[in-house]
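Q: Build me a model:
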Amino acid sequence: MDGDRRGWRQCLLGGAVFAVCMAGTTLPTPLYGLYQEKFGFSELTVTVVYAVYAFGVIGVLLLAGNASDAMGRRPVLLWGLGFAAASAVCFLCAAGLGWLYAGRLLSGLSAGLFTGAATAYVMELAPYAGASRATFVATAANMGGLGCGPLLAGVLAQYAAWPLHLPFAVHLALVACSAAVLLRLPETVRERRPLSTVRPQRPGLPAEVRPVFGPAAIASFVGFALFGVFTSVSPAFLAESLNVHNHAVSGLVVALAFFSSTAGQVAVGRIGLGRSLPLGCAGLFAGLALLAGALRWDLLPLVVLSAVVGGAGQGLAFRGALSAVAQASPEDRRAAVISTLFVVAYAGISVPVIGVGVLTGPIGLEGAGLVFIACMAVLVSIAALYLLRRPVPART
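A: Numbers count the residues shown, from 1 in each chain. Presented below is the predicted three-dimensional model:
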C-alpha cells in the first residue's frame, strides 16, 4: 500500500513537471496581438512564428525521439527544462522578431524532448496495476499544461504590469521549481546506453504497432490541427471580428479547448478504447461545424462552444490513440513509438496553420478559416469511416 502511494505521488509529481513544460509552449498565445503592435508584422508572420515551434518539435522527435530509451528519462527531461528556460529568456529579452523565432524554436525543442519521454516516464512511475490511470495523468498533464499557458499569460497581460515580460518571468520560476522536483524523482530506465547509441530515426514502427497506429495517427492529426488554429489565430479573430480585446478572455477561450480535451480523456474510461476514437472524430466534426458558424455569423458563443465540443472530441481521440499505441509498443521502444505518433500530431499543428496564414492575405481571416474547416472536415470524416470499418481493439 505504501509503495502504491509513493508510486502515485511520484507519478503526479512527474505529471506536474510535464504540465509546467507544456504551459510554456502556449504562453505567447494571447500576446501575439501585442507583439504585432510592437514589431509591426502580419497575420502570416504570426502563423509562421507559431509553426516554428512545431518544426522544432518534429526535428527533435526525428533526431532524438528515442534518446530517453537509451540515456534515461531524467537526463532528457532536464535538457527539456533547460530549453524551456532558454525560451523564456528569449521572450523576456525580445527586442525584435528574431527573438520570437528563437524563443519559439527553443520551446519546440523543449516540447520535443518532453512529449515522448515525459509520457513514458509518468506511466512508468505509476504502480504496475495503474496503467490506465497513469495514461490519463500523462495526457491530462500534457493538455492541462497547454491550457494553463494561455490562461496564465492572458490574465497577467490584462490585469498586471509588464504584459510582455511578467508571464515569462513567472514561467521561468516554475521551470526552476520543476527541475528541483525532477532531481528528486527516481530514474525508470534500468539499462542505460551511451549517447553515441542515439541515432536519427525515420518514422518507422514495430510490426505489432502498425495495425493500431494508422487510425490513431489520423485522429491525432485532425485534433492537433484544430488546436493549432485555435492557438495561433483565434485571438486575432476575436479582436478583429468580435471586437474582443480582453487578453484574459482570449486566453480563456483557447484554454477551454485544452481543458475540454482533458474532460474528454476522462470519459474514455467509461466509453471504452474501442469507441473513443470514432466518437472523438464525431466530436471534432461537430467542433469544426460550430467554428464555421462562428466565422460565418461572428458569434462569440459559437466560438466558445466550438472550443468545448472540439476539445472534448480531441481528448477522446487523443487518449484513445495514445493508449492504443502505448499498449501495442514493446517496452524498450515505447518512447520512440510515442514520439512517432507526436510527429504526425505536430504535423497537424503546423502545416494547416501556415496554410491559414497564407490564405489570410488574399481571402481574409474568415475565408481562410472556412477553407481550413472544409479540409479538416473531409479528413475527420474519412478517419471516422475508417475506424468504424476497422475499429481499434477495445482494450482498457
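Q: all helices of the stretch 1-150 of the chain, in order?
A: 2-26, 32-39, 43-64, 67-71, 73-92, 97-125, 131-159 (DSSP state H, counting those that start in this stretch).
Q: Dump those into TSV; add mean pLDDT as well.
A: Shown next, in TSV, are those (pLDDT from 0 to 100):
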stretch	mean pLDDT
helix 2-26	92
helix 32-39	93
helix 43-64	88
helix 67-71	88
helix 73-92	97
helix 97-125	94
helix 131-159	91
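Q: Output those helices as TSV; include the columns distance to Glu366 and mean neighbour count.
A: Placement of C-beta: from N, CA and C, glycine included. Listed next are the helices of the stretch 1-150 of the chain as TSV, based on distance: least, CB to CB, whole Å; neighbours: other CB atoms under 10 Å:
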stretch	distance to Glu366	mean neighbour count
helix 2-26	24	21
helix 32-39	17	16
helix 43-64	12	22
helix 67-71	43	25
helix 73-92	30	22
helix 97-125	26	25
helix 131-159	22	23
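Q: mind listing what Cys177 touches?
A: Val20 (CB atoms under 8 Å, 6 or more residues apart in numbering).
Q: Could you report the distance from it to Leu183?
A: 11 Å (CB to CB, to the nearest Å).
Q: ditto for Tyr35
A: From Tyr35 to Leu183 the distance is 34 Å (CB to CB).
Q: Figure out which of the helices of the stretch 1-150 of the chain is closest to Phe221.
A: helix 43-64 (12.1 Å; CB to CB).
Q: what's the angle from the closest one to helix 97-125?
A: Interaxial angle of helix 43-64 relative to helix 97-125 (axes from the mean of the first three to the mean of the last three CA atoms, to 10 degrees): 40 degrees.
Q: which strands and helices sit next to helix 43-64?
A: If contacts are counted by 3 or more CB pairs under 8 Å, 6 or more residues apart in numbering; DSSP states H and E, helix 43-64 sits against helix 32-39, helix 97-125, helix 210-240, helix 334-389.
Q: CSV please, covering those and showing distance to Ser260.
A: Shown next, in CSV, are the helices and strands packed on helix 43-64 (distance: least, CB to CB, whole Å):
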stretch, distance to Ser260
helix 32-39, 22
helix 97-125, 20
helix 210-240, 11
helix 334-389, 17
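Q: Can you tell me which of those is nearest to Pro150?
A: Nearest of the helices and strands packed on helix 43-64 to Pro150, taken as CB to CB: helix 210-240 at 7.3 Å.
Q: That closest one to helix 2-26, inter-axis angle?
A: Using the same axes, to 10 degrees: helix 210-240 against helix 2-26 is 50 degrees.
Q: Helix 210-240 - what's its average pLDDT?
A: When pLDDT is averaged along helix 210-240, the result is 86.
Q: For it, list every residue counted as buried.
A: For helix 210-240, a neighbour-count test (16 or more other CB atoms under 10 Å) marks 212-240 as buried.
Q: next one: stretch 174-183
A: For stretch 174-183, a neighbour-count test (16+ other CB under 10 Å) marks Leu174, Val175, Ser178, Ala179, Leu182 as buried.
Q: how near is the second one to Phe168?
A: Right, Val175. Val175 is 10 Å from Phe168, by CB to CB.
Q: Now do the shared contacts for those two.
A: In contact with both Val175 and Phe168: Ala88, using CB under 8 Å, 6+ apart.
Q: Distance-wise, check the residue lying closest to Ala84 once chain neighbours are set aside relative to Leu300.
A: Among residues not flanking Ala84 along the chain, Ser110 sits closest, at 4.2 Å (CB to CB, 6 or more residues apart in numbering). Using CB to CB, one gets 33 Å for the distance from Ser110 to Leu300.
Q: now do Val268
A: Val268 is 30 Å from Leu300, by CB to CB.
Q: Compare neighbour counts for those two and give me the winner.
A: Val268 (27 against 15; other CB atoms under 10 Å).
Q: returning to that earlier point: can you flag which of the buried residues of stretch 174-183 belong to strands?
A: If you go by DSSP state E, these have nothing in strands.
Q: Of those, which belong to helices?
A: Assignment to helices by DSSP state H places the following of the buried residues of stretch 174-183 there: Leu174, Val175, Ser178, Ala179, Leu182.
Q: Make a markdown table from those residues and add distance to Ala368 and pLDDT to it.
A: Compiled in a markdown table, these are given as follows (distance: CB to CB, whole Å; pLDDT from 0 to 100):
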| residue | distance to Ala368 | pLDDT |
| --- | --- | --- |
| Leu174 | 35 | 98 |
| Val175 | 35 | 98 |
| Ser178 | 37 | 98 |
| Ala179 | 40 | 98 |
| Leu182 | 41 | 97 |
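Q: Now tabulate those residues in JSON lines and tack on distance to Arg74.
A: What follows is these, written out as JSON lines (distance: CB to CB, whole Å):
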{"residue": "Leu174", "distance to Arg74": "18"}
{"residue": "Val175", "distance to Arg74": "15"}
{"residue": "Ser178", "distance to Arg74": "12"}
{"residue": "Ala179", "distance to Arg74": "10"}
{"residue": "Leu182", "distance to Arg74": "6"}
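Q: now, among those residues, which is nearest to Gly56?
A: Val175 (16.9 Å).
Q: ok now do that closest one, which residues does it touch?
A: Here Val175 is in contact with Val20, Cys21, Gly24, Leu81, Ala84, Ala85, Ala88 (CB under 8 Å, 6+ apart).
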